[in-house]
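**Q** After the sequence you'll find the predicted model.
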Amino acid sequence: MGYSQKHKAETHAKLVKLAGRVLRKNGPEQLTVVELMHSAGLTHGGFYAHFKSREMLLVEALGGIFEEAQQKYHRLGDGLPPRRALKNFIDAYVSSAHRDSLSGCPIVTLGSDFPRQSRAFSITFNSGVKNLVSILAGWIDAAGTPNSEALAASILSAMAGAIGVARAVSDKRLSDDVLKATRETIKGRLSLRHGQDTKSVRRAALDFLDAP
């Protein structure tokens with residue numbers, strides 16, 4: 001690959017990553033081409049050398065967000081027995097750190113946005129959710145629990161809903177109670193030990209959120 005092509009590819013990747021940050025933080029409606037190009041130190045006209053439309057950028061950025069989420073999911077269970085991987089995942093996902101951060105699961109941050117977007121955006125979102133469910137289902141199946149796909153979809157929905165509610169309520173005690181109750185209920189469904197190792201939970205949550 002020549003210098004110009006390499007430079008173009010690097011610029012393209014940079015724009016997708018910047019768009020992903022805006023998309024995750026503010027939603028698709030707040031992503032403007034002018035502001036994106038300005039933040040990248042580029043002119044507005046240069047945008048169309050990389051993307052046919054703003055919509056194509058949104059779809060590619062969304063795909064990148066879900067790819068990052070898949071990598072985080074895999075890291076939480078990397079090299080661990082399936083039951084330990086499940087416990088790590090539940091403790092990291094349904095945590096105060098995830099509640100207080102904007103860099104967690106895209107199902108939570110973007111779930112309410114995709115119905116108003118294009119068909120291509122919705123297809124990418126649906127595909128991303130299915131891939132995340134499959135990772136969770138793999139751990140559940142390896143742990144010897146039947147109906148892993150249906151159970152994984154139900155559990156992921158419950159966890160995402162709990163984070164959404166915990167973020168929405170202003171009473172911190174109630175918010176913490178929502179998270180705790182959800183963790184205990186899901187672990188009960190999977191016959192996992194309830195207790196938490198505070199240090200290991202914090203490490204798992206930070207890894208899930210890619211915190212420094």
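**A** Done, it's in. Note that the structure is predicted; figures quoted are calculated from it, not measured.
**Q** which stretches of the chain have low pLDDT?
**A** Within the chain, the ranges that satisfy pLDDT under 70 run 1-3, 112-115, 194-212.
**Q** what about the helices in it?
**A** According to DSSP state H, the chain carries its helices in the segments 3-26, 33-39, 54-77, 82-93, 96-100, 106-110, 119-142, 148-168, 172-189, 198-209.
**Q** Can you say which of those helices is nearest to G45?
**A** Nearest to G45, of all these, is helix 33-39, at 8.5 Å by CB to CB. The C-beta positions use only the backbone N, C-alpha and C, and glycine is treated the same way.
**Q** Can you give me the buried ones in the closest one?
**A** Residues V33, L36, M37 are the ones in helix 33-39 that count as buried (16 or more other CB atoms under 10 Å).
**Q** tell me what it is packed against?
**A** helix 3-26, helix 54-77 (3 or more CB pairs under 8 Å, 6 or more residues apart in numbering; DSSP states H and E).
**Q** How far off centre is it?
**A** Centroid separation for helix 33-39 versus its chain: 24 Å, with CA atoms, centre = their mean, to the nearest Å.
**Q** Stretch 53-63 too?
**A** Distance, stretch centre to chain centre, for stretch 53-63: 16 Å (CA atoms, centre = their mean).
**Q** right, so of the helices of the chain, which gets closest to F47?
**A** helix 33-39 (5.2 Å).
**Q** outside of the closest one, which residues touch it?
**A** Contacts with helix 33-39, where a contact means CB atoms under 8 Å, 6 or more residues apart in numbering, come from L15, L18, A19, V22, T43, H44, G46, F47, R54, L57.
**Q** Tell me the one of those residues nearest A97?
**A** The closest of those, once distances to A97 are taken by CB to CB, is V22, at 22.1 Å.
**Q** which parts of stretch 167-178 are buried?
**A** R167, S175, V178.
**Q** So which of the helices and strands packed on helix 33-39 is the most surrounded?
**A** Ranked by mean neighbour count under mean count of other CB atoms under 10 Å, the helices and strands packed on helix 33-39 are led by helix 54-77, which reaches a mean of 19.
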